[in-house]
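Student: 3D, please:
(chains A and B)
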Amino acid sequence: MIWNAVRESEAPEKRRVRQLADLKDLVARLYNRVDFYRQRFDEAGVKPTDIETLEDIAKIPFTTKDDLRITYPYGLLAANDEDIVEVHTSSGTTGTPVVDAYTRGDMDIWSEVMARGLMMAGAERGDVVPNGYGYGMFTGGLGVHYGAHAIGCNTIPVGGGNTERQLQLMRDFESTILTCTPSYALYMAEVAKDMGLDLAALPLKSGIFGAEPWSENMRREIEEKLHLKAYDIYGLTEIIGPGVSNECSEQNGLHINEDHFYPEIIDPDSGEVLPDGEKGELVFTTLTKTGTPILRYRTRDITWLERGECACGRNLVRMNRILGRTDDMMIIRGVNVFPSQIEHILMEIEETQPHYQIIIDRGESHLDDVELRVEVEPQFFSDETKELERISRKIREAMKNKLGINLHIRLVEPRSIERSMGKAKRVVDKRTL
Amino acid sequence: MKTKQISVFMENKNGRLAEITKLLASKGVSLRAVTIADTADFGILRLIVKEPDFARDVLLEAGFTAKETEVLAVAMDDEPGALAKVMEVFEKNRVNIEYLYSILAGKGGMADVVFKVEDLEKGEKILKDAGYNRPLDL
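Tutor: Residues are numbered from 1 along each chain as shown, chains lettered A, B, ... in the order given. Have a look, this model is predicted:
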């Protein structure tokens, strides 16, 4: 089934007409209401009236994550304060949090695009959806929740953690659709096995997995172990949260809700717009949002676009699954982490040197296992293990507090981490995704 | 009684101990006591040698993380109950012991045990007062 066939299967030329109208309206609105954008346009010598075709979007300056930080919290607000009904922020683990402030209209868009995505993955009225994405400021939990509600699914707001209870709920309420991160899905399969719970006996038909990188191999493993069809979902707080794009039954790319989120692929170095089919950085413009709309946001995610009719009946442009990043951001257990943050935290701990290496592996449990190797400052070396363990604990707690993830800390000998001429090899990612 | 101990930080990786012992052997350093305190992630090698300053410098020059710590090396009679007696002295005087280990083959019928105590000066004093004052023969 298609949630909104009028939009999702609309003739491309008709869609482009509305995209252009929405873009012109958006540009005029932001130029008039948001100082940040007006300054950017003026600096670039671009006027809202210069946008005459969809291709003219290339004249608009990009917006980056740094721009979102310097304008925190409300510098990009395009609506009146009293029109905001909900605010989400990114976890802030990568610096100042990124704000998404939603008007009533934005909430409707969010529910709409999430309903489309869930339905692409087979959801219908009557489905039972235990939602394992975290509730709260993280957009994953509530985004899925709103979409499932819009369809009329029985939505169980179980959130993250407490795996045995999740599995019991799945069994007792005869869940049909699972939503969580892909690594957590595999972890659930392990726990189910330990509990003696036969997942094949559950009426699960599909799972909607995202918020972290995964692969075709993982898809096969999940489908085999959980006895469901596994779908990829993509989104980011800066744009709306989950619901930017989703896979359909063809599992051949993720349909972007392009009537709301206009995608471009650019060369990350030159900023030139690349043709369909070419790999590059994904850029989004939120055509219809009113709270904190964003122009040409550089996601740093690398993918490519493909257009045309899809066997599922939709013709929304498809993006390939994310192939990588243009920066050094790591996604560890769904949390975005930059090596520079780890360095910064270590600088504040006198017993260590900011020489470190991060080894990421996906262990037996299928959850990301991260080892942080840190060189001990020689003057703090002690003949007593408890003293070194105190340092190790101090680092672990600082990382936990500031990044929100547990890292395994391994103290290593000073000067033992390779210093290379160029960029130090800070991250060793052994995950075979 | 007060003796310099050398401790060396060791990552848990193959061949690390072999490297250290080979290095010390090449410089003619004679090991009198060797012990390793290990955790899941690292180990601390503790050594008593005849020339601690020299051994420390050799290790530092070779790039190891090493340091000197003062410990108490106590020569006691090599007979049942000797260690218990020393422990009683520490306990009575409330001197906490961080760790202890014995020295290889004590000479002249003596058993030598190394103690790392919280309060070194007090530890030494109470042991001397209790009659433990035979010098350690390295």
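
Student: which stretches of the chain have low pLDDT?
Tutor: Picking chain A for this. Under the criterion pLDDT under 70, the flagged ranges of chain A are A:91-95, A:364-366, A:419-425, A:432-433.

Student: that answer is for a different chain, and I need it for chain B
Tutor: Scanning chain B residue by residue, the ranges that satisfy pLDDT under 70 are B:105-109, B:137-138.

Student: For it, just list every one of the helices.
Tutor: B:16-26, B:52-61, B:82-92, B:120-129 (DSSP state H).

Student: Include mean neighbour count when you put the ones you listed into a markdown table, please.
Tutor: For glycine as for every other residue, the C-beta is placed from the backbone atoms N, C-alpha and C. Written out in a markdown table, the entries for the helices of chain B read as follows (neighbours: other Cβ atoms under 10 Å in any protein chain shown):
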| stretch | mean neighbour count |
| --- | --- |
| helix B:16-26 | 14 |
| helix B:52-61 | 17 |
| helix B:82-92 | 14 |
| helix B:120-129 | 16 |
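
Student: could I get those helices as JSON lines with distance to A:T352?
Tutor: Below are the helices of chain B laid out as JSON lines (distance: least, Cβ to Cβ, whole Å):
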{"stretch": "helix B:16-26", "distance to A:T352": "20"}
{"stretch": "helix B:52-61", "distance to A:T352": "19"}
{"stretch": "helix B:82-92", "distance to A:T352": "34"}
{"stretch": "helix B:120-129", "distance to A:T352": "27"}
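
Student: Just give me the longest strand of the chain.
Tutor: Using chain A here. Among the elements of chain A assigned as strand by DSSP state E, the one spanning the most residues is strand A:352-362.

Student: was after chain B, sorry
Tutor: Across chain B, the longest stretch assigned as strand under DSSP E is strand B:66-77.

Student: partners of it, with directions?
Tutor: Sheet neighbours of strand B:66-77, with direction, are listed as strand B:2-11 (antiparallel), strand B:110-117 (antiparallel) (DSSP bridges).

Student: is it possible to export these to a markdown table including mean neighbour count?
Tutor: Conversion of those to a markdown table gives the following (neighbours: other Cβ under 10 Å):
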| stretch | mean neighbour count |
| --- | --- |
| strand B:2-11 | 20 |
| strand B:110-117 | 20 |
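
Student: Now distance to A:A44 too, for the ones you listed, in TSV please.
Tutor: Written out in TSV, the entries for those read as follows (distance: least, Cβ to Cβ, whole Å):
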stretch	distance to A:A44
strand B:2-11	53
strand B:110-117	68
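
Student: A:I208 is nearest to which of these?
Tutor: In terms of Cβ to Cβ, the element of the strands paired with strand B:66-77 nearest to A:I208 is strand B:2-11, at 42.7 Å.

Student: residues in contact with the closest residue to chain B within the stretch 301-433 of chain A?
Tutor: Across the stretch 301-433 of chain A, the shortest distance to chain B (Cβ to the nearest Cβ) belongs to A:D383, at 3.6 Å. Counting by Cβ atoms under 8 Å, 6 or more residues apart in numbering or on different chains, A:D383 makes contact with B:Q5, B:S7, B:I44, B:R46, B:K67, B:T69, B:K116.

Student: hang on, the earlier thing: with distance to chain A as added columns, please give the helices of chain B in a markdown table.
Tutor: Written out in a markdown table, the entries for the helices of chain B read as follows (distance: least, Cβ to the nearest Cβ, whole Å):
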| stretch | distance to chain A |
| --- | --- |
| helix B:16-26 | 9 |
| helix B:52-61 | 9 |
| helix B:82-92 | 17 |
| helix B:120-129 | 12 |
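
Student: that older thread, from the contacts of A:D383, which is closest to chain A?
Tutor: Comparing every one of those with chain A (Cβ to the nearest Cβ), the shortest separation belongs to B:S7, at 3.6 Å.

Student: neighbours around A:D100, how many?
Tutor: Neighbour count of A:D100, defined by other Cβ atoms under 10 Å in any protein chain shown: 26.

Student: What's the separation between it and A:Y234?
Tutor: For A:D100, the distance to A:Y234 (Cβ to Cβ, to the nearest Å) stands at 16 Å.

Student: Next: A:V6.
Tutor: When A:V6 is compared with A:Y234 (using Cβ to Cβ), they lie 23 Å apart.

Student: So for these two, which sits in the more crowded spot?
Tutor: It is A:Y234, of A:V6 and A:Y234, that has more neighbours when counted by other Cβ under 10 Å, with 23 against 9.

Student: Am I right that that one is in a strand?
Tutor: Yes. In this structure, A:Y234 lies within a strand as judged by DSSP: H, G, I helix; E, B strand; the rest coil.

Student: hang on, it packs against A:N320?
Tutor: No. In this structure, A:Y234 is not within contact of A:N320 by Cβ atoms under 8 Å, at 10.4 Å.

Student: which neighbours do those two share?
Tutor: Listed as contacting both A:Y234 and A:N320 by Cβ under 8 Å, 6+ apart are A:L254.

Student: In contact with the nearest residue to B:F90 once chain neighbours are set aside, which residues are there?
Tutor: Leaving aside its chain neighbours, B:F90 sits nearest to B:I97 (6.1 Å; criterion: Cβ to Cβ, 6 or more residues apart in numbering or on different chains). Contacts were defined as Cβ under 8 Å, 6+ apart; by that measure B:I97 touches B:M87, B:F90, B:F115, B:K116, B:V117, B:E118.

Student: again, only this time at 7 Å
Tutor: When the contact criterion is Cβ atoms under 7 Å, 6 or more residues apart in numbering or on different chains, the partners of B:I97 are B:F90, B:F115, B:K116, B:V117.

Student: right, so of the strands paired with strand B:66-77, which gets closest to A:K229?
Tutor: Closest of the strands paired with strand B:66-77 to A:K229 is strand B:2-11, at 45.6 Å (criterion: Cβ to Cβ).

Student: And the helices in the stretch 301-433 of chain A?
Tutor: For the stretch 301-433 of chain A, the helices defined by DSSP state H, counting those that start in this stretch occupy A:339-347, A:385-403.

Student: Take the ones you listed and lay them out in CSV including distance to chain B and mean neighbour count.
Tutor: CSV is the format used below for the helices of the stretch 301-433 of chain A (distance: least, Cβ to the nearest Cβ, whole Å; neighbours: other Cβ atoms under 10 Å in any protein chain shown):
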stretch, distance to chain B, mean neighbour count
helix A:339-347, 17, 17
helix A:385-403, 5, 17
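
Student: Report the buried residues of the longest strand of chain B.
Tutor: Using 16 or more other Cβ atoms under 10 Å in any protein chain shown as the burial criterion, the residues of strand B:66-77 that qualify are B:A66, B:K67, B:T69, B:V71, B:L72, B:A73, B:V74, B:A75, B:M76.

Student: same check, this time on stretch A:160-171
Tutor: By neighbour count, and taking 16+ other Cβ under 10 Å as the criterion, the buried residues in stretch A:160-171 are A:G160, A:T163, A:Q166, A:L167, A:M170, A:R171.
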